[in-house]
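Student: here is a sequence with its predicted model. Questions after.
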Amino acid sequence: MKTNYHTHTSRCKHAKGSAKDYLLMAIEKNLSILGFSDHAPYSDDRFGLRMDFCELEDYIKEVEMLKNEYKNEITVKSGLEIEYDPKEKDYYEKLLNDYNLDYLVLGQHFYINQNNEPVNTYFLEDTSLYLDYAKTVIEGMKTGYFKFLAHPDVVFINDMPWDSNCDKFCDLIVSASKENDFILEFNANGLRRGERDFCDGSRYAYPHKKFWDKVAKENIKVVINSDCHSPEQVWDKYVGMAYDIAKSWGFNIINQIF
């Protein structure tokens, strides 16, 4: 069964193609399930690189329309990728209960630090901050709002030597995933970024094998997603590569998150 639960559209301002473009490509590539999970806006339009809040209802209506129109050809799921912020619990409940979304993806591109300031996960300057990121996503795991953690090892996009904080980070995420029976995502978009030189050698920013070795050892559930930002990426060579790597690294791969 071919599935993808991590799909963006042009609404997020850093992808191209309409929701229908992605759906038609998914049908062409013989996917059984396509889940839309564009970046969720907030009412104050914080963070950027996501749809404006005024577009949210149109996005949901568009996905629901496609779900009904193509129900005999493919199963469509409506979702959003969003950060966990403990002050936004009412919003998550509204998205799931009032807007009737099928799922939310925990995608922690920013987290709120002890000074109540947003911190960009892609620009961390000390490995100790990996632990703050881990603490936030673990809190998110426990809420029950989210189906899986997107690119859980994304912090390794930061160019810093591996140290004890990196091991602690991995152990925290893996332990919490096991304890909460929470799904981790193996993200093909990290492979699309390609290998490059880091201070600890040439590697992908993510996935990072040291992290995933710990995931495999604990038999954590892993879903493989495209994280596509253009229709041709719905099921491209990098998704195939992700499956090949995941199998060779010994993951407990699942295809359905519901």
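Tutor: Looks like it came in fine. Numbers count the residues shown, from 1 in each chain.

Student: C-alpha only now, for contacts and for neighbours.
Tutor: Noted.

Student: so what's the backbone phi/psi at the residue positioned nearest the centre of the chain?
Tutor: Central residue of the chain (Cα atoms, centre = their mean): Ala150, 2.4 Å from the mean position. When read as degrees, to the nearest 10, the backbone of Ala150 gives phi -70, psi 150.

Student: that one contacts Leu106, doesn't it?
Tutor: Yes. Ala150 is within contact range of Leu106, at 5.9 Å (criterion: Cα atoms under 8 Å).

Student: what pLDDT does the model give the residue located most distally from the centre of the chain?
Tutor: Largest separation from the mean C-alpha position in the chain: Asn72, at 27.2 Å (Cα atoms, centre = their mean). What the model reports as pLDDT for Asn72 is 98.

Student: in which helix or strand does it reside?
Tutor: Asn72 is part of no helix or strand when elements are defined by DSSP states H and E.

Student: what does Val174 give?
Tutor: Short version, using DSSP H and E: Val174 is in helix 164-179.

Student: could you export that helix as CSV, CA atoms only?
Tutor: Provided in CSV are the C-alpha atoms of helix 164-179 (Å, rounded to 0.1, in the frame of the first residue of the first chain):
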residue,chain,number,x,y,z
SER,A,164,26.4,14.1,25.1
ASN,A,165,23.4,16.4,24.5
CYS,A,166,22.9,14.8,21.1
ASP,A,167,22.7,11.4,22.7
LYS,A,168,20.4,12.7,25.4
PHE,A,169,18.2,14.3,22.8
CYS,A,170,17.8,11.0,20.9
ASP,A,171,17.2,9.0,24.0
LEU,A,172,14.5,11.4,25.2
ILE,A,173,12.6,11.3,21.9
VAL,A,174,12.9,7.6,21.5
SER,A,175,11.9,6.8,25.0
ALA,A,176,8.9,9.1,24.9
SER,A,177,7.8,7.6,21.6
LYS,A,178,7.9,4.2,23.0
GLU,A,179,6.1,5.2,26.2
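
Student: neighbouring strands - and their directions - for the next helix or strand after it?
Tutor: Sequence-wise, the next helix or strand downstream of helix 164-179 (DSSP H and E) is strand 183-187. Partner strands and pairing direction for strand 183-187 (DSSP bridges) are strand 148-149 (parallel), strand 221-225 (parallel).

Student: out of the ones you listed, flag the one nearest His14.
Tutor: strand 221-225 (18.0 Å; Cα to Cα).

Student: just the angle for the helix or strand following that closest one relative to strand 183-187, thanks.
Tutor: Per DSSP H and E, the first helix or strand lying C-terminal to strand 221-225 is helix 237-248. Interaxial angle, helix 237-248 versus strand 183-187 (axes from the mean of the first three to the mean of the last three Cα atoms, to 10 degrees): 130 degrees.

Student: what packs against helix 237-248?
Tutor: strand 183-187, helix 188-192, strand 221-225 (3 or more Cα pairs under 8 Å, 6 or more residues apart in numbering; DSSP states H and E).

Student: got these as a markdown table, with mean neighbour count and mean pLDDT columns?
Tutor: Shown next, in a markdown table, are the helices and strands packed on helix 237-248 (neighbours: other Cα atoms under 10 Å; pLDDT from 0 to 100):
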| stretch | mean neighbour count | mean pLDDT |
| --- | --- | --- |
| strand 183-187 | 25 | 99 |
| helix 188-192 | 21 | 98 |
| strand 221-225 | 24 | 98 |
